[in-house]
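S.K.: based on what follows, work out the 3D shape:
(2 chains)
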Protein chains: 2
Amino acid sequence: MTGGPGQAGQVWAHVGQPFGEREYDVVVLGAGRMGTACALYLRRLAPHLRLLLVERGGLPNEEGATILAPGVWTRLDVPPGREAEAQWTHANLFGDPTAKPLPLLRLHPEEGPGRVPTRQMLARFPEAASLLDPDALPWAEVDEDASTYRPGAVALACGQAAVREGADLLLNTHAHLTPGGVRLDRLTVTNTHEIVTHETHEVRAGIVIVAMGAEGPAAAEQDLGIHTAHGRAYRQFPRLNTPSDGWTPVLRAGGLTLRPQHGGFTVVPPLHHRDPSGYVPQGGRLTGVPVGVRRETLEDLTRLMDALPPLATGALEIGRSLADVPGAWVALPGGQVDAPPRHEALGDGRHLLLGGPLADTLGLAVAYDLAARVAGVEERPWG
Amino acid sequence: MTGGPGQAGQVWAHVGQPFGEREYDVVVLGAGRMGTACALYLRRLAPHLRLLLVERGGLPNEEGATILAPGVWTRLDVPPGREAEAQWTHANLFGDPTAKPLPLLRLHPEEGPGRVPTRQMLARFPEAASLLDPDALPWAEVDEDASTYRPGAVALACGQAAVREGADLLLNTHAHLTPGGVRLDRLTVTNTHEIVTHETHEVRAGIVIVAMGAEGPAAAEQDLGIHTAHGRAYRQFPRLNTPSDGWTPVLRAGGLTLRPQHGGFTVVPPLHHRDPSGYVPQGGRLTGVPVGVRRETLEDLTRLMDALPPLATGALEIGRSLADVPGAWVALPGGQVDAPPRHEALGDGRHLLLGGPLADTLGLAVAYDLAARVAGVEERPWG
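M.R.: Numbering: from 1, shown residues only, chains lettered A, B, ... in the order given. Next up, the predicted model:
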């Protein structure tokens, strides 16, 4: 039972904890950053609504896009007209102790508005000098207001705050949409490491929010018999073991981002288009030799090896098989790689909430917007 | 041995016919439209070069993009600056007895240069009236010079002419590039319907032309240890059993083409982007029910159902599994869906010849261009 005002919610982490609830006002499926943020905002905007947050794994979700998201907020990614929401998202990140301001340097082969010579810029960012060839990328622009953060830390903080403020949380549970609410399969692991359903519960809920990331559209289609136009793409984040420190800026060139992290860099490759339905991620081949980075990403890296010389060295971890390189499915709203996060009504009190490639920049605001809509609140804090 | 002037070449169709050749000047791999045309032009431009055309299946190739290609020539598909080559390709199609002039009607939701009201256009093309909703697509333009043809018939005619004019032809043979030429695995079928290598031949050749369609880049990479940036996409051609006759124009809307054929229509869906390396084609699901058309194509069809009402009827054959809907891999030069056919030198006398999505419009000219380059001929018939 969701706690009353000032009372924390209940958490069921494993099947040893009996779950007997039959009804909620709102069920949120998925404890990634979108679902946890929406749950938290719902507690604040509509504390009278009994709320259950359901997650297939732990908190935060570890298999989706949240944990591996680049965690780069930059005005360069803000779609026109969405500036206020992006600023609001940015301001609210600072609830995340890992968030910190860090300039982002975007490099170009040709001149353009707002660009200065790269050599001149390198005087300000000497840490970046060894990372790039200023002859290949002679023009640079800088976003002074950029930040880096860990989306997984945001999801953890939002999820914990939601529970503290009265949301119930059910972990290790696979959810299906049903006509009157959700069917919840509580999962457990057998002695032979098989994941099986331990018990199943039918829970009534007038409002269900599907925040299952790249799996949300397929789940909604499967359970509701509808058709959506959303897509997904499998993105890998190879590690680049070239030293970085707290002053190394985020670098971006040719759509690829080098994000300083853990004393090196996380390589964030561009997304070119969605992967086809049914695609199974697999590693690529570099002149015949199997590697862990998918072929399409390998081509992006190869293309940039002259401009960003460390990519051509052993400092880049491309692995030997897919499992060697961290990767995740990211939702593509409308099948587009540049579409902002969005929510949409699926009818009968069901809502689909999608983060996608721009969740770093706009995710929290869109999660808030859905929470406010469900709560019947007209105002938005970004005005 | 390639025949002398005026002498036909030899054909080895199956392993019962002993093959003892050790050396050619040129070996062309692949008897699709690009390979057969290049072989024919080579016989004409350089009759002194002994030439072998090798094909894994029969003549014409039946598993690649040639047999299923739309076979629509239209100036709407001609890239800027390539008009003369496109016209030359068009003029040379008429060696194909199946080629015939047929106007192409492109329909648009909004006004634009060269467009007239669709209702007015339908007075001229009454056969098209039942196919489209003029309120959804109120503007139309027409290409009066369009033609339809069968690329498979062109490949057959070119291949036969090449042999008549002295090329040798080795069928049912899988080829690999080797340092000095090619290794040829002659294939046969066992009693248990398994395809196996019956015998292997090493053949020296100073020049090898890889015209294996969507498989060419992978074969070149595998055998030569190089890296190319080419891609491929799996395209399906569902059948639409709405009646057409000899006066029904080709229709195009939203990137999708309806090509009158066999008393109905072949549906030619748009190509949006390449498929990832390792993607295995599979059918889609329509609100949960499995169908034979891939998901991405299904979305294109769904989007156009209002504008092209027959697509929403049982006249559209979407099948129950992948095998029900004809489909083929098409090469995407440079990974782009709108890139013209091209050839490129791979070093050491090896050339890659790619048709791709615009092979209908420019294929023969690009095959000629490569033949002329190999023959050392400067002039091009398109001036």
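S.K.: how about stretch A:331-345: buried residues?
M.R.: Using 16 or more other CB atoms under 10 Å in any protein chain shown as the test for burial, stretch A:331-345 gives A:331-337, A:339-343. All C-beta atoms are positioned from the backbone trio N, CA, C, and that covers glycine.
S.K.: and of these, the nearest to chain B?
M.R.: Lowest distance from chain B to these (CB to the nearest CB) belongs to residue A:335, with 7.7 Å.
S.K.: where does chain A come near chain B, residue by residue?
M.R.: Within reach of chain B by CB under 8 Å from any CB of the partner chain, chain A has these residues: A:221-222, A:225-227, A:229, A:272-280, A:282, A:284-288, A:294-296, A:299, A:302-303, A:335.
S.K.: are any of the residues you listed buried, and which?
M.R.: The neighbour-count criterion (16+ other CB under 10 Å) marks A:221, A:227, A:272-277, A:279, A:282, A:284-286, A:294-296, A:299, A:335 among those as buried.
S.K.: hang on, the earlier thing: tell me which of the buried residues of stretch A:331-345 is nearest to residue A:350?
M.R.: Taking CB to CB as the measure, residue A:350 sits nearest to residue A:343 out of those, at 10.8 Å.
S.K.: could you pull out the helices for the stretch 101-250 of chain A?
M.R.: Using DSSP state H, counting those that start in this stretch, the helices of the stretch 101-250 of chain A run over A:118-124, A:151-164, A:216-224.
S.K.: tabulate those (JSON lines), appending mean pLDDT.
M.R.: Converted to JSON lines, those look like this (pLDDT from 0 to 100):
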{"stretch": "helix A:118-124", "mean pLDDT": "94"}
{"stretch": "helix A:151-164", "mean pLDDT": "96"}
{"stretch": "helix A:216-224", "mean pLDDT": "92"}
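S.K.: deepest of those helices, which one?
M.R.: Per-stretch averages of neighbours, counted by mean count of other CB atoms under 10 Å in any protein chain shown, single out helix A:151-164 among those, with a mean of 23.
S.K.: how about residues contacting that helix?
M.R.: Residues from elsewhere that reach helix A:151-164 (CB atoms under 8 Å, 6 or more residues apart in numbering or on different chains): A:8-9, A:11, A:31-33, A:36-37, A:39-40, A:42-43, A:51, A:53, A:59-61, A:66-67, A:69, A:71, A:93, A:95-98, A:169, A:359-360, A:363-364.
S.K.: one step back: would you mind putting the buried residues of stretch A:331-345 into CSV with pLDDT and secondary structure alongside?
M.R.: Formatted as CSV, these follow (pLDDT from 0 to 100; DSSP: H, G, I helix; E, B strand; the rest coil):
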residue, pLDDT, secondary structure
A:331, 97, strand
A:332, 98, strand
A:333, 97, helix
A:334, 95, helix
A:335, 95, helix
A:336, 96, coil
A:337, 96, coil
A:339, 96, coil
A:340, 98, coil
A:341, 98, coil
A:342, 98, strand
A:343, 98, strand
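S.K.: need the max-distance pair from these.
M.R.: A:337 and A:343 (19.0 Å).
S.K.: spatially central, which residue of chain A would that be?
M.R.: In chain A, the centroid-proximal residue (CA atoms, centre = their mean) is residue A:66; its distance is 3.4 Å.
S.K.: what sits against residue A:125?
M.R.: A:103, A:105, A:247-249.
S.K.: which helices and strands does the lengthiest strand in chain A pack with?
M.R.: Criterion DSSP state E: the longest strand present in chain A is strand A:195-210. Judged by 3 or more CB pairs under 8 Å, 6 or more residues apart in numbering or on different chains; DSSP states H and E, strand A:195-210 is in contact with strand A:23-29, strand A:173-178, strand A:181-189, helix A:216-224, strand A:350-354, helix A:359-375.
S.K.: what about chain A, any weak spots by pLDDT?
M.R.: A:1-5 (pLDDT under 70).
S.K.: change it to 80
M.R.: Residue ranges of chain A with pLDDT under 80: A:1-6, A:286-288.
S.K.: for the helices of the stretch 101-250 of chain A, which one sits closest to residue A:374?
M.R.: Short answer: helix A:151-164, nearest of those by CB to CB, at 14.1 Å.
S.K.: what's the neighbour count on residue A:6?
M.R.: Residues contacting residue A:6 under the criterion other CB atoms under 10 Å in any protein chain shown number 9.
S.K.: for chain B, see how far away it is.
M.R.: Separation of residue A:6 from chain B (CB to the nearest CB, to the nearest Å): 44 Å.
S.K.: how about residue A:247, nearest residue that isn't a chain neighbour?
M.R.: Among residues not flanking residue A:247 along the chain, residue A:127 sits closest, at 5.5 Å (CB to CB, 6 or more residues apart in numbering or on different chains).
S.K.: state the number of residues packed around the one you found.
M.R.: By the criterion of other CB under 10 Å, residue A:127 has 16 neighbours.
S.K.: ok, now which ones touch it?
M.R.: By CB under 8 Å, 6+ apart, the contact list for residue A:127 reads A:244-245, A:247-249.
S.K.: adding neighbour count, write the residues you listed out as JSON lines.
M.R.: Shown next, in JSON lines, are these (neighbours: other CB atoms under 10 Å in any protein chain shown):
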{"residue": "A:244", "neighbour count": "23"}
{"residue": "A:245", "neighbour count": "8"}
{"residue": "A:247", "neighbour count": "12"}
{"residue": "A:248", "neighbour count": "24"}
{"residue": "A:249", "neighbour count": "24"}
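S.K.: out of those residues, who's nearest chain B?
M.R.: residue A:244 (28.6 Å).
S.K.: hmm, that closest one is touching residue A:251, no?
M.R.: No - counting by CB atoms under 8 Å, residue A:244 sits too far from residue A:251 to count as a contact (9.7 Å).
S.K.: which ones are touching residue A:304?
M.R.: Residues counted as contacts of residue A:304 (CB under 8 Å, 6+ apart) are A:253-254, A:256, A:311.
S.K.: and which of those is nearest chain B?
M.R.: residue A:254 (13.6 Å).
S.K.: count of residues packed around the closest one?
M.R.: Number of residues near residue A:254 (other CB under 10 Å) recorded here: 17.
S.K.: what backbone torsions are found at the closest residue to it other than its chain neighbours?
M.R.: Computed as CB to CB, 6+ apart, the closest residue to residue A:254 that is not its neighbour in sequence is residue A:304, at 5.1 Å. When read as degrees, to the nearest 10, the backbone of residue A:304 gives phi -100, psi 0.
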